[in-house]
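Visitor: Sharing a model prediction with you, sequence too.
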Protein chains: 2
Amino acid sequence: MKIELASSYGFCFGVKRAIKIAENAKDAVTIGPIIHNNDEINRLNKNFNVKTLEGISEIDGEKKAIIRTHGITKGDLAELKKSDIKVIDATCPFVTKPQQICEKMSKEGYDIVIFGDEKHPEIKGVKSYAIGKVFVVLEESELEGVKLAQKVAVISQTTRKVEKFMQIVNYLMLRVKEVRVFNTICNATFENQEAVKNLAVRADVMVVVGGKNSSNTKQLYLISKTACEDSYLVENELELERAWFEGKNLCGVSAGASTPDWIIQKVIDRLESFQI
Amino acid sequence: MKIELASSYGFCFGVKRAIKIAENAKDAVTIGPIIHNNDEINRLNKNFNVKTLEGISEIDGEKKAIIRTHGITKGDLAELKKSDIKVIDATCPFVTKPQQICEKMSKEGYDIVIFGDEKHPEIKGVKSYAIGKVFVVLEESELEGVKLAQKVAVISQTTRKVEKFMQIVNYLMLRVKEVRVFNTICNATFENQEAVKNLAVRADVMVVVGGKNSSNTKQLYLISKTACEDSYLVENELELERAWFEGKNLCGVSAGASTPDWIIQKVIDRLESFQI
């Protein structure tokens, strides 16, 4: 049986970069979980003594603080910088960008509209860079009745879908004279989805690796299942059953955005050990 | 029979303003027809000795030049200003705006996309203010394969429909990092359309006044006809027939964007003279 990885899978650029930064910052603390994967957080703790704090208030004499991929608020960053701790910025560059845009446009007198989830740490961070008015919405209807300046700058949470972003922009075009649109959507999630689809249509059997409570992993699994009936979602190599692969010629493998390569590698090793 | 004018009809703000300017500029010439209505142009010539030239090359010793509602190119304006002639600007302020935006954004390094008809005098004027790259399109497909900067400013011809403008903006959002949208659409045409519809549903009979070759007048007539079967399109009062109005209670009146008030007034006077 041939084993083939999807052309895009697992960690995105920003997460890979953050993990590398954490590995090079022994004995540091991260402000909030560096990524949403406990196995990986435990590995960083065990191998590099990198601990996870919930917020800056928990800092207790540590020397180095890592800012995670989603970024932190401007206020927290300022406080960190005032303290003696060394700040190591692992904010994804695709998140730093909307933070900078938010601050710059706000200074230039634009009202800011952020398309995203205001409870998400990325958006809490981005929003904190606004000086003037800022509105976080998931639907254009949330802007109805809201008093807006005639100049509005619009940015998006990096993981949102562009179709909805367009609807919000179109709505604003009818409301104000100038809409300054910054497409800050990152395509990594969608690239994984596209890749799993392309592989699943060719494969006899598919394995999607990731947390069963991870929404992006489940999404990948559903896309896979639609194209290839024999699709399996596993959290690690121990869940694989030899019987699934008997008589199969091509086994496709993909992984959710929070699944580290070493877990994927263990899955592949186990698949190869079946010698089918 | 009651006669009721649509709540919005005939000349828009910019045209009314231009006519007033021309009436106050005796013995002037206009660069291109000041509006697309020959009766009105003849009236201005007869009453105020305002002549219509095709372009600046036809100027022959005149003292005052009126720039018409649609505006002229930056080059023509510069040439006029260099000459001894007094320049009287009757460009509609809603057209001056996109000219200014085009120049400013172009200077700031944006590629310019203009949604409009490149043969239209308004667009020829607006386009001439670009310093860098400028693209005039009616469809987003015209931008396919075109190399664009990562910063694009988008403006619209004042009389275009916003739905199509949105499609072009949506397309650009997928292509470049920043889309700076200036909604330069003027709603005057659409206000006339909305008003004729609201009146026609209540009226027994409708009269739409305007040139039979005027596309916006024909559009008004069709909207009227859909809501009120007994709708008539006339160019002037002489075409009205008494029989059309017999037994009717409410006669609605509207007029195309190039129909002057004095023609509309003659139509109303004639309707009243029927004493129905």
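Guide: That came through, no problem.
Visitor: for the helix or strand hosting residue A:218, the distance to its chain's centre please.
Guide: Secondary structure assignment for residue A:218, by DSSP states H and E: helix A:215-227. Its chain's average C-alpha position is 17 Å from that of helix A:215-227, according to C-alpha atoms, centre = their mean, to the nearest Å.
Visitor: what packs against it?
Guide: helix A:188-200, strand A:205-209, strand A:231-234, strand A:250-255 (3 or more C-beta pairs under 8 Å, 6 or more residues apart in numbering or on different chains; DSSP states H and E). For the C-beta atoms, the positions are set from N, CA and C on the backbone; glycine is no exception.
Visitor: Kindly export that helix (C-alpha atoms) in PDB.
Guide: Provided in PDB are the C-alpha atoms of helix A:215-227 (Å, rounded to 0.1, in the frame of the first residue of the first chain):
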ATOM      1  CA  SER A 215     -13.200  21.800  14.900                       C
ATOM      2  CA  ASN A 216     -10.800  22.300  12.000                       C
ATOM      3  CA  THR A 217      -9.800  18.600  12.200                       C
ATOM      4  CA  LYS A 218     -13.400  17.500  12.100                       C
ATOM      5  CA  GLN A 219     -13.900  19.700   9.100                       C
ATOM      6  CA  LEU A 220     -11.000  18.000   7.300                       C
ATOM      7  CA  TYR A 221     -12.400  14.600   8.200                       C
ATOM      8  CA  LEU A 222     -15.900  15.500   6.800                       C
ATOM      9  CA  ILE A 223     -14.400  16.700   3.600                       C
ATOM     10  CA  SER A 224     -12.300  13.500   3.300                       C
ATOM     11  CA  LYS A 225     -15.300  11.300   4.100                       C
ATOM     12  CA  THR A 226     -17.400  13.000   1.300                       C
ATOM     13  CA  ALA A 227     -14.800  12.100  -1.300                       C
END
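Visitor: For the stretch 151-276 of chain A, what lies in contact range of chain B?
Guide: Selection of the stretch 151-276 of chain A residues close to chain B by C-beta under 8 Å from any C-beta of the partner chain yields A:162, A:165-166, A:169-170, A:173-174, A:176-183.
Visitor: any idea which of these has the most stuff around it?
Guide: In terms of neighbours by other C-beta atoms under 10 Å in any protein chain shown, those top out with residue A:181 at 29 neighbours.
Visitor: Tell me the spacing between that one and residue B:154.
Guide: Per C-beta to C-beta, to the nearest Å, residue A:181 is found 9 Å from residue B:154.
Visitor: got any residues that touch both of the two?
Guide: B:169, B:179, B:180, B:181 (C-beta atoms under 8 Å, 6 or more residues apart in numbering or on different chains).
Visitor: which of those residues come close to chain A?
Guide: Near chain A, by the rule C-beta under 8 Å from any C-beta, you find B:169, B:179, B:180, B:181 out of the shared contacts of residue A:181 and residue B:154.
Visitor: Just give the closest residue to the last one, not the sequence neighbours.
Guide: Translated: residue B:181. Once flanking residues are discounted, residue B:181 sits nearest to residue A:179: 4.4 Å by C-beta to C-beta, 6 or more residues apart in numbering or on different chains.
Visitor: and that neighbour, what is it in contact with?
Guide: Counting by C-beta under 8 Å, 6+ apart, residue A:179 makes contact with A:152, A:154, A:169, A:172, A:173, B:180, B:181, B:183.
Visitor: next one: residue A:102
Guide: Taking C-beta under 8 Å, 6+ apart as the contact definition, residue A:102 lies against A:112, A:114, A:126, A:127, A:129, A:130, A:134, A:153, A:155.
Visitor: Next, the residue nearest to residue B:181: secondary structure please.
Guide: Three-state assignment for residue A:179 (DSSP: H, G, I helix; E, B strand; the rest coil): strand.
Visitor: Now tabulate the contacts of residue A:102 in a markdown table and tack on pLDDT and distance to residue B:31.
Guide: A markdown table is the format used below for these (pLDDT from 0 to 100; distance: C-beta to C-beta, whole Å):
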| residue | pLDDT | distance to residue B:31 |
| --- | --- | --- |
| A:112 | 98 | 43 |
| A:114 | 98 | 47 |
| A:126 | 98 | 50 |
| A:127 | 98 | 51 |
| A:129 | 98 | 49 |
| A:130 | 98 | 47 |
| A:134 | 98 | 47 |
| A:153 | 98 | 38 |
| A:155 | 98 | 44 |
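Visitor: And the closest residue to residue A:50 other than its chain neighbours, its phi and psi?
Guide: Nearest in space to residue A:50, with sequence neighbours left out and distances taken as C-beta to C-beta, 6+ apart, is residue A:44 at 4.3 Å. With angles defined as degrees, to the nearest 10, residue A:44 sits at phi -60, psi -40.
Visitor: Quick check: the closest residue to residue A:219 other than its chain neighbours vs chain B, distance?
Guide: Leaving aside its sequence neighbours, residue A:219 sits nearest to residue A:193 (C-beta to C-beta, 6+ apart; 6.7 Å). Separation of residue A:193 from chain B (C-beta to the nearest C-beta, to the nearest Å): 17 Å.
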